[in-house]
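Trainee: Here is my input; please provide its structure:
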Amino acid sequence: QVQLVESGGGLVQAGGSLRLSCAASGRTFSSYVMGWFRQAPGKERRFVAAITRSGGTTYYADSVKGRFTISRDNAKNTVYLQMNSLKSEDTAVYYCAATSDYRLTVRDSDYDYWGQGTQVTVSS
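Mentor: Residues are numbered from 1 along each chain as shown. This is a model prediction of the structure:
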């Protein structure tokens, strides 16, 4: 069992930055591939970024590539999402998720555990 708690969301102007954090409970954090997803109002939840267990490999949705950076600190049981050059279309609830699958995956159905989400609002 893994419990995930996101933080760091808020209101920011277009062009600004935010860093989201996701703290995980349990002693096996390093055995999970971690991902970030987001869901805008009236839309389906979509993949944003994922990171391997060691943190050595990352993968991003095209819409955020070059602007967002996913990272993790296994000693702190935390995964981060640094978001720069934010746009109004980045407005959404952001969720972190964990999967015991060793592969990076963009499918939300592959993830076993989810946080409660944190709201990010970008004003134009």
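Trainee: tell me how far stretch 33-51 is from the chain's mean position?
Mentor: Distance, stretch centre to chain centre, for stretch 33-51: 7 Å (Cα atoms, centre = their mean, to the nearest Å).
Trainee: What ranges does this protein have for its strands?
Mentor: Taking DSSP state E as the test, the strands found in the chain are 4-7, 10-13, 18-24, 33-39, 46-51, 58-60, 68-73, 78-83, 92-99, 113-114, 118-123.
Trainee: okay, those in CSV with distance to Arg107 and mean neighbour count next?
Mentor: C-betas here are computed from N, CA, C, even on glycine. As requested, these are exported to CSV (distance: least, Cβ to Cβ, whole Å; neighbours: other Cβ atoms under 10 Å):
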stretch, distance to Arg107, mean neighbour count
strand 4-7, 18, 18
strand 10-13, 28, 13
strand 18-24, 19, 20
strand 33-39, 10, 24
strand 46-51, 8, 22
strand 58-60, 12, 17
strand 68-73, 17, 18
strand 78-83, 18, 23
strand 92-99, 9, 23
strand 113-114, 13, 18
strand 118-123, 22, 17
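Trainee: what's the closest of the ones you listed to Val106?
Mentor: Closest approach to Val106 among these is made by strand 46-51 (4.0 Å; Cβ to Cβ).
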